[in-house]
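**Student:** the sequence and its predicted three-dimensional model are supplied below.
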Amino acid sequence: MSSITVVTGSNQGLGFEAVRKLARQANGHTIMTSRNATRGQEALGKVQNEFPEASVEVMELDLDSDASQEAFVKAIEEKHGKVSCLVNNAGVGYAPTSDVPVKDQTSQTFSTNVFQTIKFTDRMLPLLNKDANPRIVVLASTLSQTAFASLSSEAQKRITTEDLTTTDVLAFAKDYVKAVAEDKAKQEGFAENAEATSYMMSKLCDVQFARTYAREHPNIIVNSCCPGWCVTAMGQKAGNPPRSSEEGAEVMAFLATADLDGTSGEFWYDNKVLPAFTVSA
Ligand SMILES: NC(=O)c1ccc[n+]([C@@H]2O[C@H](COP(=O)([O-])OP(=O)(O)OC[C@H]3O[C@@H](n4cnc5c(N)ncnc54)[C@H](OP(=O)(O)O)[C@@H]3O)[C@@H](O)[C@H]2O)c1
């Protein structure tokens, strides 16, 4: 049976570009996902026009909805019976000028980028375990390094401890969202300027989630990556990105398809492993 890759949030941006790369490589079957059926069909049409031979389909998935996640997993189970590679790409980030209150930004950002992404990965686990060589790619960001540097050394130790588990990452994330909601971010060892850090903090949790998940599931190659600052709807909220989304998607296709010689749990940039976070003195 050929490989089956799911790329979440692939109706636009980096997810869409990653699907184009997989279609160009004729890499098995690709399942695009979109939370909006019309946008999903439009994106699928573009891929099919460009790569008429590619094996690709689109399915609806709203990460924020447990019912949508469950329906998605059930449909794949019935239709394909397994998943070879899950690219956790879907995510949100607010513009620095957004007038959404920072507490709401933080809870929405963490809901989609961390809590629902991890829940979705757990739901996909039985399907991944049915593949002989499963993989997970998690879209993170080098902004996670900025978030890490903004933490107290206690908080740094907490999120990098040697025996860190996914449950610990979730607890850390929940404590951060709670601290922001209660105006206690600084007091609890997080950055004072919470509005500048919620997206970065979500990506720090994503990097550490990939590390813990890799340890907890040694049969799965799990890695996180930063695509660089790219021209996408999200990227352009912060200014004029220097990279095209096509360049940014390179590392996603690499981690989904290249021979990684068993490398798992690492954080990648430009197809190279970045050093792990180190606690400041
Ligand atoms: N662009 C950059 O410079 C950059 C840098 C580092 C990391 N990243 C990461 O790369 C990933 C992709 O970002 P992008 O720049 O391509 O952003 P984008 O163009 O805004 O695309 C984000 C995708 O995620 C989908 N999405 C958002 N919330 C969702 C939800 N609740 N359920 C399902 N799908 C959802 C969006 O759907 P809709 O079209 O319906 O909104 C869209 O398809 C993100 O994880 C982001 O954090 C981006």
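**Tutor:** Here it is on my side, so go on.
**Student:** need the pLDDT of residue 1.
**Tutor:** Confidence at residue 1, expressed as pLDDT, is 54.
**Student:** for the one 10 residues further on, same thing?
**Tutor:** In this model, residue 11 is scored at 98, pLDDT.
**Student:** ok, it touching residue 37?
**Tutor:** No. Distance between residue 11 and residue 37: 9.7 Å, which falls outside the contact criterion (C-beta atoms under 8 Å). C-betas here are computed from N, CA, C, even on glycine.
**Student:** more neighbours: which of those two?
**Tutor:** Counting neighbours by other C-beta atoms under 10 Å for residue 11 and for residue 37 shows that residue 11 has the greater number, 23 against 12.
**Student:** distance of the residue in the stretch 51-200 of the chain positioned nearest to the ligand from residue 15?
**Tutor:** Distance from the ligand to each residue of the stretch 51-200 of the chain (C-beta to the nearest ligand atom) is smallest for residue 91, at 2.6 Å. Distance check for residue 91 against residue 15: by C-beta to C-beta, to the nearest Å, it reads 9 Å.
**Student:** which neighbours do those two have in common?
**Tutor:** When C-beta atoms under 8 Å, 6 or more residues apart in numbering defines a contact, the residues bordering residue 91 and residue 15 alike are residue 9.
**Student:** what residues does this structure have near the ligand?
**Tutor:** Proximity of the chain to the ligand (C-beta under 6 Å from any ligand atom) is limited to residues 9, 11-15, 35-36, 39, 61-64, 89-93, 112, 139, 141, 226-227, 229-230, 232-235, 241.
**Student:** what do you get if the cut-off is 5 Å, keeping everything else the same?
**Tutor:** On the criterion C-beta under 5 Å from any ligand atom, the ligand has as its neighbours in the chain the residues 9, 11-14, 35, 62-64, 89-92, 112, 139, 141, 229-230, 232-235.
**Student:** that older thread, contacting residues for the residue of the stretch 51-200 of the chain closest to the ligand?
**Tutor:** Contact analysis of residue 91 by C-beta under 8 Å, 6+ apart lists 9, 112-113, 117, 139, 202, 234.
**Student:** hmm, residue 43 is touching residue 13, no?
**Tutor:** No. In this structure, residue 43 sits apart from residue 13 without contact. The criterion is C-beta under 8 Å, and the distance is 10.1 Å.
**Student:** who touches residue 55 in this structure?
**Tutor:** Taking C-beta under 8 Å, 6+ apart as the definition of contact, the neighbours of residue 55 are 2, 26, 28-30.
**Student:** re the thing from before, would you show me how to pick out the buried ones of the residues of the chain next to the ligand in PyMOL?
**Tutor:** Applying 16 or more other C-beta atoms under 10 Å to those leaves a buried subset, and the PyMOL line that selects it is:
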select buried, resi 9+11+12+13+14+35+62+63+89+90+91+92+112+139+141+229+230+232+234+235
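**Student:** run a quick neighbour tally on residue 161.
**Tutor:** Residue crowding around residue 161 was assessed by other C-beta under 10 Å; the count is 12.
**Student:** give me the distance between the closest residue to it other than its chain neighbours and residue 181.
**Tutor:** Leaving aside its chain neighbours, residue 161 sits nearest to residue 168 (7.4 Å; criterion: C-beta to C-beta, 6 or more residues apart in numbering). In this view, residue 168 and residue 181 are 20 Å apart by C-beta to C-beta.
**Student:** just residue 270 next, same as before
**Tutor:** For residue 270, the distance to residue 181 under the criterion C-beta to C-beta works out to 36 Å.
**Student:** ok, now residue 95?
**Tutor:** Residue 95 is 21 Å from residue 181, where distance means C-beta to C-beta.
**Student:** let me have the contacts of residue 55 in TSV, extended by neighbour count.
**Tutor:** Formatted as TSV, the contacts of residue 55 follow (neighbours: other C-beta atoms under 10 Å):
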residue	neighbour count
2	9
26	11
28	15
29	17
30	28
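**Student:** with those residues in mind, which one is nearest to residue 76?
**Tutor:** When the contacts of residue 55 are compared for distance to residue 76 (C-beta to C-beta), residue 29 comes out closest, at 10.9 Å.
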